[in-house]
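Undergrad: Pasting the sequence and the predicted coordinates here, then a few questions.
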Amino acid sequence: MRVVSLVPSLTEAIAVTAPGRLVGATNWCTHPAGLDVTRIGGTKNPDVPAIAALRPDLVIANEEENRAPDLAALRAAGLDVAVTEIRALDQAFTELDRVLRACGVRTRPRWLDEAEAAWAAVTPSDTYRKAVVPIWRRPWMVLGRDTFAGDLLARLGVANVYADHAERYPRIPLDELRASGADLVVLPDEPYRFTADDGPEAFAGLPAALVDGRHLTWYGPSLAQAPEALRAALRRPVHGPS
């Protein structure tokens, strides 16, 4: 079985579970450390001829991470493309199981059981903090409706102010974000790399939780550690200048 993955989260899941089956991955596929496969461009601009030259039995993609024209080009090249849709935690577990089976994995990996158990142990919160969750600046973009990261935060007692927005990743002017009624801003380090010195200062007086983007947005082995890692970050907000 020869597999090419266009999704960093799924690259890690496949590489950890079925070493040797993954023959190609994007430049953004950074986990597991030391992954030694052919790099085939980015998630938004994969090198179709390079992928075809690897003669994969299967190409793994995602409807959000990868562009429809690229997936159509891969299919036109005669390649089998499996496209995932992951907009909530339960859906992630279902899709991970499906992808691994499609890659020829017959034994459910231990990390997947551990991830399900870790999230099953998360108890619903009676008190929710209202948060804005920027994913980019210049322009400011935030989590909107129907997102995987938003679902994880909701399970941890953080309600996304823009969860009912018409768009999934709306552009919202900074003044509107500041006036949204949020009592917390959650700042991941990807896709935009927010840091203690780049992000909190835009939300004067509002606590800012700096979270690991891999724990917030990746669906793979990191899900097993994500509940505790995210809870720890949410408990230690930093404050921008008042």
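TA: Received it, and whenever you're ready, just let me know what you need.
Undergrad: residue boundaries of the strands in this structure?
TA: For the chain, the strands defined by DSSP state E cover 3-5, 22-25, 38-39, 58-62, 81-84, 129-132, 134-136, 141-142, 158-160, 184-188, 207-211, 238-239.
Undergrad: Could you point out which of these sits nearest Thr195?
TA: Distance to Thr195, taken as Cβ to Cβ, is lowest for strand 207-211 among those, at 7.0 Å. Glycine gets a C-beta too; all of them are placed from N, C-alpha and C.
Undergrad: Report the inter-axis angle for that closest one versus strand 184-188.
TA: Here the directions of strand 207-211 and strand 184-188 differ by 20 degrees (axes from the mean of the first three to the mean of the last three Cα atoms, to 10 degrees).
Undergrad: quick one: contacts of strand 207-211?
TA: 131, 183-189, 194-196, 199-200, 229-230, 233-234, 236-240 (Cβ atoms under 8 Å, 6 or more residues apart in numbering).
Undergrad: Direction included, what does that strand pair up with?
TA: Counting by DSSP bridges, the strands paired with strand 207-211 are strand 184-188 (parallel), strand 238-239 (antiparallel).
Undergrad: which of the residues in the helix of greatest length in the chain are buried?
TA: Ranked by residue count and defined by DSSP state H, the top helix of the chain is helix 89-102. By neighbour count with 16 or more other Cβ atoms under 10 Å, helix 89-102 contains the buried residues 89, 92-93, 95-96, 99-100, 102.
Undergrad: Redo the residues you listed as CSV? Include distance to Val81 and pLDDT.
TA: Formatted as CSV, the buried residues of helix 89-102 follow (distance: Cβ to Cβ, whole Å; pLDDT from 0 to 100):
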residue, distance to Val81, pLDDT
Leu89, 24, 97
Ala92, 19, 97
Phe93, 22, 97
Glu95, 14, 97
Leu96, 17, 97
Val99, 12, 96
Leu100, 17, 97
Ala102, 11, 95
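Undergrad: which one of those residues is nearest Arg75?
TA: Distance to Arg75, by Cβ to Cβ, is smallest for Ala102 among the buried residues of helix 89-102, at 15.6 Å.
Undergrad: Once you drop chain neighbours, what's closest to the closest one?
TA: Distances taken as Cβ to Cβ, 6 or more residues apart in numbering place Ala82 nearest to Ala102, at 5.5 Å, with adjacent residues excluded.
Undergrad: OK, contacts around that neighbour?
TA: Taking Cβ under 8 Å, 6+ apart, one finds 58-61, 98-99, 102 in contact with Ala82.
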